[in-house]
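Asker: turn this into a structure:
(one chain, ligands or ions: 1)
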Amino acid sequence: MIKRTYPQSRLRRTRAKSFLRDLVAENHLSTDDLIQPIFISDQSEKTVKIPSMPGIYRHNLDSLYSETEALIKVGIKSVAIFPAIDADKKDQKGSHAFDDDNIVCLALKGLVERFPEVIKIADVALDPFTDHGHDGVLLDGKVDNDQTLELLQNQALILAQSGADVLAPSDMMDGRVKVIRDILESNSFVDTIILSYAAKYASSFYGPFREAVGSSANLGKASKKTYQMNFANLDEALHEAAMDIEEGADIVMVKPGTAYLDVVNAIKSEFQIPTFVYQVSGEYSMLQLSIEKGWLDKDVMLESLLCCKRAGADAILTYAAKQIALELN
Ligand code: PBG
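Answerer: I've put the predicted structure just below:
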């Protein structure tokens with residue numbers, strides 16, 4: 001260890017001018033690192049405001065395409081789509097997830113046709129489609145792991161067939177990555193990427209998302225704690241990531257972001273594989289609302305994302321992707 005004594009060493013020297021600070025900056029954020037989540041729904045209006053997410057809208061398909069074009073213009077090249085499904089199409093098993101003309105499949109096909117180069121990420125989970133709002137099938141009031149796996153496998157195949165480049169299982173069932181990898185391989189989708197939500201915690205930061213996709217209507221106060229992780233745990237996150245990698249995940253993700261950067265750092269250091277982080281709806285809304293109120297400077301958003309990079313994230317899903325891209329340009 002080098003001895004650092006004052007005044008031989010004055011750490012303020014390299015902070016004295018903006019260009020110096022740039023020269024010694026250890027981490028950088030660019031549009032290459034950002035993924036924009038987009039909410040879609042079968043609606044006549046082009047866009048519908050999401051009250052708990054300032055500046056974020058639900059889009060119909062036309063608007064999804066124009067939004068994607070706008071994203072490409074500012075340098076965002078990846079989108080993750082999340083559907084809000086009409087209540088009358090939801091049921092106990094999330095059957096509508098397996099119709100290849102559901103809004104997600106239509107969106108994927110439309111995006112493939114118009115924007116072949118854009119990376120299309122689709123969530124694998126049943127919660128947008130189930131009337132109870134859980135990510136799997138309920139059996140005697142419990143989310144049944146193994147029955148859910150079969151359904152997730154079907155959902156994954158349909159999404160791959162519709163043109164998803166990346167499947168992102170966010171359900172937290174045990175064994176889901178394996179069954180998804182198996183069905184992809186046996187159907188010759190050898191290049192489809194699995195981005196597993198390896199360490200997804202049972203978090204209250206998801207509230208605005210659940211409002212946006214309408215999955216909270218019947219979920220009420222029921223929690224997802226029997227399948228999402230306990231936020232007290234870190235070793236368990238490494239265990240989850242190890243299993244997902246073993247089962248065929250190409251990229252692992254941690255979620256939520258800001259309060260979980262120790263988890264990002266631990267996973268990236270341990271496995272050295274592409275590691276993403278999801279700055280989730282609640283984190284975004286807290287910051288964005290404070291910015292809009294003038295309580296926090298708008299730079300706080302960039303700060304929160306750069307800190308994700310510093311922790312070891314290779315890319316970030318963030319609702320602020322477009323607005324940050326505009327700033328970075
Ligand atoms: C659904 C899913 C959730 C999020 C992404 N996929 C919510 C949940 O688990 O209830 C949350 C994203 C966010 O809050 O921005 N499986």
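Asker: give me the contacts around stretch 105-118.
Answerer: Contact with stretch 105-118 is made by 40, 61, 64-65, 68-69, 72, 77-79, 81, 83, 99, 120, 122, 158-159, 162-164, as judged by Cβ atoms under 8 Å, 6 or more residues apart in numbering. Backbone N, C-alpha and C define where each C-beta goes, glycine included.
Asker: among the residues you listed, which ones are buried?
Answerer: Those of the contacts of stretch 105-118 that meet the buried threshold are 40, 61, 64-65, 68, 78-79, 81, 83, 120, 122, 158-159, 162-164, by 16 or more other Cβ atoms under 10 Å.
Asker: picking that back up, now, the contacts of stretch 105-118 that are in helices?
Answerer: Within these, residues falling in helices by DSSP state H are 61, 64-65, 68-69, 72, 158-159.
Asker: going by distance to residue 217, which of the buried ones among the contacts of stretch 105-118 wins?
Answerer: residue 83 (14.5 Å; Cβ to Cβ).
Asker: ok now do the closest one, which residues does it touch?
Answerer: 39-41, 102-104, 107, 128, 213.
Asker: apply 6 Å and report the result again.
Answerer: 40, 103-104, 128 (Cβ atoms under 6 Å, 6 or more residues apart in numbering).
Asker: ditto for residue 304
Answerer: residue 258.
Asker: mind telling me what element it is part of?
Answerer: Counting by DSSP states H and E, the element that carries residue 304 is helix 299-311.
Asker: any idea how far that helix is from the middle of the chain?
Answerer: 16 Å (Cα atoms, centre = their mean, to the nearest Å).
Asker: touching the ligand at all, that helix?
Answerer: No - under the criterion of Cβ under 6 Å from any ligand atom, helix 299-311 makes no contact with the ligand; the nearest approach is 13.9 Å.
Asker: returning to that earlier point: looking at the contacts of residue 83, which is nearest the ligand?
Answerer: Nearest to the ligand, judged by Cβ to the nearest ligand atom, of these is residue 128 at 7.2 Å.
Asker: the closest one and residue 85 touch, don't they?
Answerer: Yes - with contact defined as Cβ atoms under 6 Å, residue 128 reaches residue 85; the gap is 5.1 Å.
Asker: about what we covered before: output the ones in helices among the contacts of stretch 105-118 in CSV; the columns should cover pLDDT and distance to residue 226.
Answerer: Formatted as CSV, the ones in helices among the contacts of stretch 105-118 follow (pLDDT from 0 to 100; distance: Cβ to Cβ, whole Å):
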residue, pLDDT, distance to residue 226
61, 98, 35
64, 98, 34
65, 98, 38
68, 98, 36
69, 98, 41
72, 98, 40
158, 98, 26
159, 98, 25
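Asker: looking at this, residue 128 is in a strand?
Answerer: No - going by DSSP: H, G, I helix; E, B strand; the rest coil, the assignment for residue 128 is coil, not a strand.
Asker: quick one: pLDDT of it?
Answerer: Note on residue 128: pLDDT of 95.
Asker: can you check residue 140 too?
Answerer: Value for residue 140, per-residue pLDDT: 89.
Asker: contact partners for it?
Answerer: Counting by Cβ under 6 Å, 6+ apart, residue 140 has no contacts.
Asker: burial measure for the one residue in the stretch 101-250 of the chain that gets nearest to the ligand, as a count.
Answerer: When scored by Cβ to the nearest ligand atom, the stretch 101-250 of the chain has residue 209 as its residue closest to the ligand, at 3.1 Å. Applying other Cβ atoms under 10 Å, we find 25 other residues in the vicinity of residue 209.
Asker: same deal with residue 269?
Answerer: For residue 269, the tally of surrounding residues (other Cβ under 10 Å) stands at 11.
Asker: gap between the closest residue to residue 63 other than its chain neighbours and residue 36?
Answerer: If the residues on either side of it in the chain are set aside, residue 63 comes closest to residue 46, at 4.1 Å by Cβ to Cβ, 6 or more residues apart in numbering. According to Cβ to Cβ, to the nearest Å, residue 46 and residue 36 sit 17 Å apart.
Asker: who's more crowded, the two?
Answerer: Taking neighbours as other Cβ under 10 Å, residue 46 and residue 36 compare with residue 36 leading, 25 against 15.
Asker: and that one, that one's in a helix?
Answerer: No - counting by three-state DSSP, residue 36 is not found in a helix; it is strand.
Asker: now for the closest residue to it other than its chain neighbours, how many residues are close by?
Answerer: In space, and not counting its chain neighbours, residue 36 is closest to residue 321: 3.9 Å by Cβ to Cβ, 6+ apart. When neighbours are defined as other Cβ under 10 Å, residue 321 has 26 of them.
Asker: hang on, residue 321 packs against residue 75?
Answerer: No - counting by Cβ under 6 Å, residue 321 stays clear of residue 75, with 9.7 Å between them.
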